[in-house]
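>>> when you get a sec, could you give me coordinates for this:
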Amino acid sequence: MKENIDREYVLVPIGDPAGIGPEISVKALKYDEVNDKAKVILIGDKKVIDRTLEITKTNQTINIIDKFEDGIYDKNTINLIDLDNMPANYKYGEVNADCARASYDYIEKAYQLCDQNYSKVMATTPINKESFKAAKIPFIGHTGILEHLSEKKDLLTMFEVRNLRVFFYSKHISLREACDLISKEGIKDYVYKSIDALKRIGIKEPNFAVAGLNPHSGEHGLFGNEEVDFIMPAVEELRNEGVDVEGPIGADSVFYQALCGKYDGVLSLYHDQGHIATKMVDFNRTISITHNLPFLRTSVDHGTAFDIAGKNIADETSMVEAIKLAGKYAHYFKSDI
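Numbering: from 1, shown residues only. You can find the predicted model right below:
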């Protein structure tokens, strides 16, 4: 591993112990390319990591730390903040309220450390919605938890894969609701938020695009009126206000154009539009980034995979990319301590 004094601390809450989060976290730390980018600290339970090492046989040493400077940041060492919050007899691949409560604690601890400026980036691993329900924890994902902890309601999701960065106008609502949600002011608001997010990760003068909603961007009203009534007026006003934005551009071409470097970011108008575009480029290397927090959060874009948990067959590629991306952008969110 090449020594890099500019590496920032990246916190990794290990996710649901019954899922693949601990496995992919441990495996990811064996990559020089990960350790070249970041000083990684896992947040979890030593009992969970001990079981994970028995399965993965990666020959790593666990280093329990309280202070970040006590870490040994190389591929043979797992630096762990041990919350010691799990019973030892949990089973892989099963819904478990104890696992949900533990995974919530890991996220909360990572949030607290970021909020206190010990780190400014975290890379999260999967949690399980059913386990959260069993534990009566009223959130369905990391975004809801981070909104609750930060008391912010305007968190912004961006997917990144290679040169393609995609923002989402709407996410977990029906397609019908997503169409009804389109408005001129809404488009303008999201474009401004997205451009601010791009500037925060070092893109000084972002060139942005808005995807069309309907086939061929509606063909001037032949296939729908949303482009004529809302999207085109929004883009026109934005351009008059000095924003470098184009659109609506047909969804069958705009994402490819951004991948090739024509645009620094694209606004996807509903969930699957942007998900399909990014994951078809490279499913395992599509990374989710949460903006508008006091720090940056990257995340794998897959679930707990209960069907393969505990079998040492989980693919760690997404975790590797999530940590690398956190390390890449950490410079722009540098901690104060």
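>>> neighbouring contacts of stretch 261-270?
With CB atoms under 8 Å, 6 or more residues apart in numbering as the test, stretch 261-270 has contacts from 158, 163-170, 175, 178-179, 182, 187, 190-191, 194-195, 198, 203, 206-213, 246-247, 251, 254-255, 257-258, 274, 277. In this view, the C-beta of every residue, glycine as well, is placed from N, C-alpha and C.
>>> same thing but 7 Å
With contact meaning CB atoms under 7 Å, 6 or more residues apart in numbering, stretch 261-270 is reached by 163, 165-170, 175, 178, 182, 190-191, 194, 198, 203, 206-211, 213, 254-255, 257-258, 274.
>>> with stretch 319-328 instead?
By CB under 7 Å, 6+ apart, the list of residues contacting stretch 319-328 reads 7-8, 10, 12, 24-25, 28, 31, 33-34, 37-38, 40, 121, 123, 125, 160, 285, 287, 296, 298-300.
>>> rewinding a little: among the contacts of stretch 261-270, which are in strands?
R165, V166, F167, F168, F208, A209, V210, A211 (DSSP state E).
>>> so which elements touch the biggest helix by length in the chain?
In the chain, taking DSSP state H as the definition, the longest helix is helix 97-115. Contacting helix 97-115 under the criterion 3 or more CB pairs under 7 Å, 6 or more residues apart in numbering; DSSP states H and E are the following elements: strand 8-13, strand 38-44, strand 121-124, helix 129-134, helix 142-150.
>>> now do the second one, average pLDDT.
Going back to what we said before, that points to strand 38-44. Mean pLDDT, strand 38-44: 98.
>>> swap in stretch 97-106?
pLDDT averaged over stretch 97-106 gives 98.
>>> swap in stretch 227-242?
96.
>>> check stretch 130-142 too.
94.
>>> gap between the two ends of it?
14 Å (CA to CA, to the nearest Å).
>>> which residues does that stretch contact?
16, 95-97, 99-101, 104, 107, 124, 127, 129, 145, 148, 299.
>>> again, only using 8 Å
Residues outside stretch 130-142 that contact it (CB under 8 Å, 6+ apart) are 16, 18, 95-101, 103-104, 107, 124, 127, 129, 145, 148, 290, 297, 299.
>>> out of these, which end up buried?
Among these, those classed as buried by 16 or more other CB atoms under 10 Å are 16, 18, 95-96, 98-101, 103-104, 107, 124, 127, 145, 290, 297, 299.
>>> please report phi then psi for the residue of the chain most remote from its centre.
For the chain, the largest distance from the centre (CA atoms, centre = their mean) belongs to L222, which lies 37.2 Å off. Per-residue torsions, L222: phi -70, psi -30 (degrees, to the nearest 10).
>>> how much space separates it from Y270?
Distance, L222 to Y270, using CB to CB, to the nearest Å: 20 Å.
>>> ditto for Y190
12 Å.
>>> now the common contact residues for the two.
Residues touching both Y190 and Y270 (CB under 8 Å, 6+ apart) are Y169.
>>> could you pull out the buried residues of stretch 292-302?
Quick answer for stretch 292-302 (16+ other CB under 10 Å): N292, L293, F295, L296, R297, T298, S299, V300, D301, H302.
>>> any idea of the mean pLDDT for that stretch?
92.
>>> and if you look at stretch 7-21?
97.
>>> what about that stretch, how long is it end to end?
23 Å.
>>> how far out from the middle of the chain is it?
12 Å (CA atoms, centre = their mean, to the nearest Å).
>>> do the same with stretch 61-74
On CA atoms, centre = their mean, the centre of stretch 61-74 falls 25 Å from the chain's centre.
>>> got the CA positions of that stretch in PDB?
Extracted C-alpha coordinates of stretch 61-74, given in PDB (Å, rounded to 0.1, in the frame of the first residue of the first chain):
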ATOM      1  CA  THR A  61      -6.300  -8.700  13.100                       C
ATOM      2  CA  ILE A  62      -9.000  -6.800  15.000                       C
ATOM      3  CA  ASN A  63      -7.800  -3.600  16.500                       C
ATOM      4  CA  ILE A  64     -10.300  -2.200  19.000                       C
ATOM      5  CA  ILE A  65     -10.000   1.600  19.100                       C
ATOM      6  CA  ASP A  66     -11.500   4.500  21.000                       C
ATOM      7  CA  LYS A  67      -9.300   7.200  19.400                       C
ATOM      8  CA  PHE A  68      -8.900   7.300  15.700                       C
ATOM      9  CA  GLU A  69      -5.200   8.000  16.000                       C
ATOM     10  CA  ASP A  70      -4.800   4.500  17.600                       C
ATOM     11  CA  GLY A  71      -5.700   2.800  14.400                       C
ATOM     12  CA  ILE A  72      -3.400   0.800  12.200                       C
ATOM     13  CA  TYR A  73      -4.500   1.600   8.700                       C
ATOM     14  CA  ASP A  74      -3.500  -1.300   6.500                       C
END
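>>> which residues in the stretch 201-337 of the chain form helices?
226, 232-240, 254-259, 271-281, 317-330 (DSSP state H, counting those that start in this stretch).
>>> which other residues reach the first one?
Contacting residues not belonging to helix 226 are listed as C179, I182, L213, N214, G218 [CB under 8 Å, 6+ apart].
>>> cheers, nothing more for now.
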